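> can't give you the sequence, but here's the structure:
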């Protein structure tokens, strides 16, 4: 099973990219949140979920552990496949999705293309207890205690995957003056914007 790829990124479409690893091209499906962090022609490290079907082996890629873990959790729900899981991640951050599940917030869940009221209710029923147990350790709880620190950790990890050193990533995130409500994706975008201004992108 492929768990991670490091190579040059070539976009095929909005949600698919080719990762060239020493001359071998791997076609990878990605959510919009991951695609927005990657640059065509640049090297990156992408976390991979290998989905084995009877007729094909399909790769799904993610910028952070949180995205990959949520993708895999979504695929445990009856009636939810990889495509709908990608749609969730393209619409909601892992933090926002988990909070919507814990609160039973169908209004937020039904913003995701492909999720109607009935599917949203099924997600809440099947995932609420799992998310409460599995994500408390990484910062997601009904009170959202520790969410900020988890988002920062994932943002730093994503920046190192994009080629920055750990010290560079930690330093730039520390200068962002976060208020604790930002998602992982927002922190990464702000960090990249800051690095762009300093000429380090």
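Yep, it's here. Since the structure is predicted, the reported quantities are computational estimates derived from the model, not experimental observations. Numbers count the residues shown, from 1 in each chain.

> rest of the way, CA atoms for contacts and neighbours
Fine.

> Now do the buried residues in the lowest-mean-pLDDT helix or strand in the chain.
When the helices and strands of the chain are scored by mean pLDDT, DSSP states H and E, helix 147-161 comes last with a mean of 77. Of the residues in helix 147-161, 147-148, 150-161 count as buried by neighbour count, 16 or more other C-alpha atoms under 10 Å.

> ok, now stretch 119-126?
For stretch 119-126, using 16+ other C-alpha under 10 Å, the buried residues are 119-124.

> report the longest strand in this protein, please.
Using DSSP state E, we find that the single longest strand of the chain is strand 43-52.

> Sheet-wise, list the partners of the next helix or strand after that strand with their directions.
Sequence-wise, the next helix or strand downstream of strand 43-52 (DSSP states H and E) is strand 57-62. Strand pairing for strand 57-62, using DSSP bridges, gives strand 24-29 (parallel), strand 43-52 (antiparallel).

> Please work out which residues outside strand 57-62 touch it.
27-31, 34, 46-52, 68 (C-alpha atoms under 8 Å, 6 or more residues apart in numbering).

> Out of these, which one has the weakest pLDDT?
Note: of the contacts of strand 57-62, the lowest pLDDT belongs to residue 52, at 87.

> so who does that one touch?
For residue 52, counting by C-alpha under 8 Å, 6+ apart, the contacting residues are residue 58.

> Identify the bridge partners of it.
residue 57.

> would you list the buried residues of stretch 119-126 in CSV and tack on distance to residue 168?
Converted to CSV, the buried residues of stretch 119-126 look like this (distance: C-alpha to C-alpha, whole Å):
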residue, distance to residue 168
119, 42
120, 40
121, 42
122, 42
123, 38
124, 39
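
> circling back to that earlier point, quick one: which of the contacts of strand 57-62 is nearest to residue 94?
residue 68 (9.5 Å; C-alpha to C-alpha).

> Look up phi and psi at the closest one.
Torsion angles at residue 68 (phi, psi; degrees, to the nearest 10) stand at phi -60, psi -40.

> did I read that right, residue 9 in a strand?
Yes: assessed by DSSP: H, G, I helix; E, B strand; the rest coil, residue 9 belongs to a strand.

> secondary structure class for the closest residue to it other than its chain neighbours?
Of all residues not flanking residue 9 in the chain, residue 19 sits nearest, at 4.8 Å (C-alpha to C-alpha, 6 or more residues apart in numbering). Under three-state DSSP, residue 19 falls in the strand class.

> neighbours around residue 19, how many?
25 (other C-alpha atoms under 10 Å).

> now do residue 18
Using other C-alpha under 10 Å: residue 18 sits among 19 other residues.

> Would you mind stating the distance between it and residue 35?
12 Å (C-alpha to C-alpha, to the nearest Å).

> just residue 156 next, same as before
17 Å.

> residue ranges with poor pLDDT in the protein?
By pLDDT under 70, the low-scoring segments of the chain are 134-149, 178-180, 198-201.
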